[in-house]
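Colleague: Predicted coordinates and the sequence they were generated for:
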Amino acid sequence: MPAPKRRRARAVPVLLTDARGAAAALCLSRSAFYSLDAQGAVPEALTLGLGARRRRLWSVLELHEWVSAGTPPRHEWARMRKGGAR
C-alpha cells in the first residue's frame, strides 16, 4: 500500500510582532527597544485584546517602511503616514 501523501504546510506571513520580535528585527536588545518606545522614537504599537490578555504588537510592514524612511521619530512618522509620504 502506498504511503499517504503529505500536505505541505503553507508559510503564513508574520503581520504583527511583539517587542521581542521588533527588537530582534532592529538588532536591538528588548530593553533598548522599550526605551526607544518610551521616548517616542519607534512607531506606535497596536493594542489588541482586553484586560490580562491585552498585548502591544507592532506591524512588521510598518517597521520595514519606517526603517526605509530613515527611522524618523514617532510624531514625524505618523505625519508622514497620514500625508501618504513614505
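Modeller: Looks like it came in fine. Numbers count the residues shown, from 1 in each chain.
Colleague: Spatially, what comes nearest to Thr26 if we skip its sequence neighbours?
Modeller: Actually, residue 26 is Leu rather than Thr. In this structure, Leu26 finds its nearest non-sequential neighbour in Phe33, 6.7 Å apart by Cβ to Cβ, 6 or more residues apart in numbering. Just so you know, the C-beta spots here come from the backbone N, C-alpha and C atoms, and that holds for glycine as well.
Colleague: Show me where this protein has its helices.
Modeller: 19-25, 30-38, 60-68, 74-83 (DSSP state H).
Colleague: With Val60 as the reference, measure out to Gly21.
Modeller: In this view, Gly21 and Val60 are 8 Å apart by Cβ to Cβ, to the nearest Å.
Colleague: what's the overlap in contacts for the two?
Modeller: Val14 (Cβ atoms under 8 Å, 6 or more residues apart in numbering).
Colleague: where does the protein dip in pLDDT?
Modeller: Scanning the chain for pLDDT under 70 picks out 1, 84-86.
Colleague: and with 50 instead?
Modeller: Along the chain, the parts satisfying pLDDT under 50 run over 86.
Colleague: Look at the residue nearest to Arg74 when sequence neighbours are not counted and say how many residues are nearby.
Modeller: Spatial nearest neighbour of Arg74, chain neighbours left out: Gly40 (4.3 Å); criterion: Cβ to Cβ, 6+ apart. Gly40 has 14 neighbours, counted by other Cβ atoms under 10 Å.
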